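K.L.:
please work out how this folds:
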Amino acid sequence: MNTTERKTDTKSEFPNSSSGVIRLKPQQFIHVLDNNTGVTRLEVGPQTITLRDHERLILKPEPMIVVPPRYYCVVANPVLRDESGQPIADEHGQIKLRYGDLEIRFAQEPFPLYPDEELIGDITQLHVVERNQALRLKAIRDFTDTITITVEGQSQSQTINRLAGDEWLFEGPGTYIPRVEVEVVETVTARVIKPNQALRLLARQNCTDRLGFRRRAGEEWLVREEGAYLPGVDEEVVGIIKAFVLTEKKALHLRAKRTFTDIFSRQRKAGDEWLVTFADAEIHIPDVYEEVVGEVEITTLGDREWCIVVNPIDESGKPQLGMREVRQGRTSFFLHPGEFLENGIQKIYVLSEQEALLLRAREAFNEGEGTAGTERHPGDLWMIGGPRDYIPRVEVEVVERRKAIPLDKNEGIYVRDIQTGELKLVSGPQAYMLSPYEELWEKELPTVVEELLAQKVDPVSDRSQHQSRGDKEGSATSGGKRDRTRAVVFHVPQNAAVQIHDYKDRTARTVFGPDLVMLGPDEAFTVLSLSGGKPKRPNAIKSLALLLGPDFMTDIFTVETSDHARLQLQLSYNWYFDVDRHDEQAAVKMFQVPDFVGDACKAIASRVRGAVAGEKFDEFHRNSARIIRQAVFGMDEEGHIRDEFRFRTNNLVLTNIDIQSVEPVDERTLESLQKSVQIAIQITTDAQEAAARQDAERIEQAAKARLERQVIIDKGAAEVERKKLLELQAENAAIESTGQATAEARAKAEAARIQGELTVNLAQQEAEAARIRHEAELAQLQARQQAELTHKEALDALEIEKAERMSQITSIEFRQKIEAIGPETIKAIAQAGPEMQAKLLEGLGLQSVLITDGRNPINLFGTANGLISPLTPGLPAD
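P.N.:
Numbers count the residues shown, from 1 in each chain. Just a heads-up that it's a prediction; the model follows:
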């Protein structure tokens, strides 16, 4: 670039320069590069600089750096100065710089930046550290620091060698003067410790805290003093610990993290647990080595409550493992660590006369006092009865609470002796209390027996329900679950029998109804499984009682005639058991056939099939009853049909057979029978229909005759009533016309009367209005006159009052004048001559005066011209 171009650029870039001339204002500076020597110099205004051809402006005019008071700036690559503060230049005239270094400059005269000097950031205000604040400082290079300390009220300077990496605090209030060797890490604010709070601190390294205690790295401690606390440079705030408020009903459960001495000066080992109660302190702030396990509520026992404390603590506060202690109310206590209540808080056992407690000894002890007491060994059982209150000892365990079991004469319980294992049945009437070595025994019964007992079905009246109950396997039983310790009781109904087996004695007994069966511990029912349904199906009915009859049963089976006609028969049999109730062997025979129903039905069906097989259909159809009865009952020696059929095995006797239905199984035979039956039914129906039709026609003719006769009678009655109606209508018309005329005349008379009354009332109203108007005018006139009279009286009163007040004023004025003149003056006036008197009076403003002593009367009628003196010529007269 040539000179002309450089001048043009200079002019366009710097408006205050023209043709290489730069005019610097005050407090401006530029940097000029000498291309010949390569040296850059600083020029400071005010001055005018003419650039030579080998000089070039490398920094436009810039204002000097102005640092106000309490501000500072940071300059990079500062100049190197001598002891007098002047910049040092090398042999070429270039200013030497401390490259890579920084310099902090505070408030001073405006200064320029030398070439290569650089202002880092903005001009910054000095940091004012407030009270309860501090700056955490860190040395980034080694240097020597001078601090001021106060010793015994005197300030002293102290020199400290700071090494790179050292940290310390600059605490307020004060203004921090920055240094290039120091870096501000953060601002530390004091933590306010409120009441019932503590500050938890952690030592970052070995140090001495503000209270003068040596702390090791990683150690934690609490500061409990209220107020602001500024953590030291080696102290780290872990958090604020809040105090636990302790009451008489709440304690604090603590655990030691390590061995230490707590705030109550008690040695705690690692893992120890203890309680802090209201008796120790109202509030407690957990120490750093204390772990809060939880809050413990107070345990309160009432007057009739007690509890067992397991592992109670001793006097030293250590739990006695395995020990137990009984505590009873009224009392309150805290459960210490390791202690717990066995079965919680319990009520005192209140035993009535019919109650007792079964007790077991946990350990050997002597129950009673001295040698007279009862020795109890571990495992011993005994009972205490009521009425009484009882709290068990530590050595005693309450096994159960027993009540006397009330038993009626129809009730019982099963009892087992736990020492011998013997079982027995205890029945009423009595209230039975189990002995210490007795317990209730549960008697197990087969499932089918349980179901039958739970159903509570009467074998006689509810026979129809056996079928439906037998079809449902595993159906839910009615009623609640049976108490197995209660004796099994079964009511044997009238005309029934129940067989009971004793498996221990291997005997059986039969009980006839009506009676009550109570099973012994080793007894069981004989369950009857009978056939049921139509046709009979095996095992359809389950029952405990065997009905003795008389009763009936119905069966359906198929037979075939000799001409191969298959028929379905439905027969009903009457039966009963022929047994002597006093014969035990005969009673046992009844139960030898488990299913007497199925056995009897099969036997009868077999006999009937054999008899029908030898007969043709027509013959059987005509003589079915005789053939079946003969087949079942048989013939006697005289050729007559017997009256009964007896089963020798179980003494079952059939007395009658009812043939309920005979239906062909073959369809063609059934159709033929149905057609013949239908024809017979049709003939009967037609005959009945014709008879019914004839009766209906006869009844209809009679009804029509009665109807016509009734119509004629009704018409005659209607004519009579119509005549009465016409007469009443004529009478009503006459009454109506007469009433109308009478009403019109009455209405006119009433109208005239009302008109006259209105006229009279109008005249009366007008007269009343005139009277009221005249009275109002008179009252108005009287009011006006009264107002004028009142006004006149008021004016007169005002005149009188004015005259009185004027006379009073005149009198007062005269009296005041006389008082002002005084007696001596009046005396002098009286003694002076007339002229002198006139002058004095004139001087006093008086026209005349009369002086008397008040004792001599004065006649003023003749003294009008000579009271004091005649009017003096020349004096004005009022």
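K.L.:
contact partners of stretch 597-608?
P.N.:
Taking contacts as CB atoms under 8 Å, 6 or more residues apart in numbering, the residues outside stretch 597-608 that touch it are 530-532, 536, 538, 541, 553, 555, 557, 559, 569, 571, 573, 575, 593, 628, 631-632, 645, 647, 652, 654, 657. C-beta coordinates here come from the backbone N, C-alpha and C atoms, glycine included.
K.L.:
may I see the buried residues of that stretch?
P.N.:
597-601, 604-605, 607-608 (16 or more other CB atoms under 10 Å).
K.L.:
want to try JSON lines for those residues, with distance to V310 and secondary structure as columns?
P.N.:
Listed next are those as JSON lines, based on distance: CB to CB, whole Å; DSSP: H, G, I helix; E, B strand; the rest coil:
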{"residue": "V597", "distance to V310": "67", "secondary structure": "helix"}
{"residue": "G598", "distance to V310": "68", "secondary structure": "helix"}
{"residue": "D599", "distance to V310": "70", "secondary structure": "helix"}
{"residue": "A600", "distance to V310": "73", "secondary structure": "helix"}
{"residue": "C601", "distance to V310": "73", "secondary structure": "helix"}
{"residue": "I604", "distance to V310": "78", "secondary structure": "helix"}
{"residue": "A605", "distance to V310": "78", "secondary structure": "helix"}
{"residue": "R607", "distance to V310": "83", "secondary structure": "helix"}
{"residue": "V608", "distance to V310": "83", "secondary structure": "helix"}
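K.L.:
still on that earlier bit, can I have the buried ones of the contacts of stretch 597-608 as a ChimeraX selection?
P.N.:
Selecting only the buried entries of the contacts of stretch 597-608 in ChimeraX, with 16+ other CB under 10 Å as the criterion:
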select :530,531,532,536,541,553,555,557,559,569,571,573,575,593,628,631,632,645,647,652,654,657
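K.L.:
among the contacts of stretch 597-608, which ones are in strands?
P.N.:
Among the contacts of stretch 597-608, the ones falling in strands (DSSP state E) are 530-532, 538, 541, 553, 555, 557, 559, 569, 571, 573, 575, 645, 647, 652, 654, 657.
K.L.:
by contact count, what packs against the lengthiest helix in the chain?
P.N.:
The residue-count maximum for a helix in the chain (DSSP state H) belongs to helix 667-831. Counting contacts by 3 or more CB pairs under 8 Å, 6 or more residues apart in numbering; DSSP states H and E, helix 667-831 packs against strand 652-664, helix 834-844.
K.L.:
now the spatially most central residue of the chain, nearest residue through space, not along the chain?
P.N.:
In the chain, the residue lying closest to the centroid (CA atoms, centre = their mean) is E297, at 23.4 Å. Closest residue in space to E297, ignoring its immediate chain neighbours: K250 at 6.1 Å, by CB to CB, 6 or more residues apart in numbering.
K.L.:
okay but the one you found is in contact with I298, surely?
P.N.:
Yes - with contact defined as CB atoms under 8 Å, K250 counts as touching I298 (6.9 Å).
K.L.:
before we move on, back to that, wait, which of the buried residues of stretch 597-608 is closest to D515?
P.N.:
Comparing the buried residues of stretch 597-608 against D515 with CB to CB places V597 closest, at 23.6 Å.
K.L.:
and the closest one, what pLDDT?
P.N.:
Looking at V597, its pLDDT reads 91.
K.L.:
I'd like the numbering to begin with 9 instead of 1 from here.
P.N.:
Fine by me, first position is 9 from now on; the one you just mentioned is V605.
K.L.:
where are the low-confidence patches of this protein?
P.N.:
9-27, 377-380, 465-488, 681, 684-685, 688, 840-845, 848-849, 851-886 (pLDDT under 70).
K.L.:
let's see 50
P.N.:
Counting by pLDDT under 50, the chain contains low-confidence ranges at 9-27, 475-486, 868-886.
K.L.:
now for the closest residue to S435 other than its chain neighbours, how many residues are close by?
P.N.:
Closest residue to S435 apart from its sequence neighbours, by CB to CB, 6+ apart: G420 at 3.8 Å. A count of nearby residues for G420, using other CB atoms under 10 Å, gives 23.
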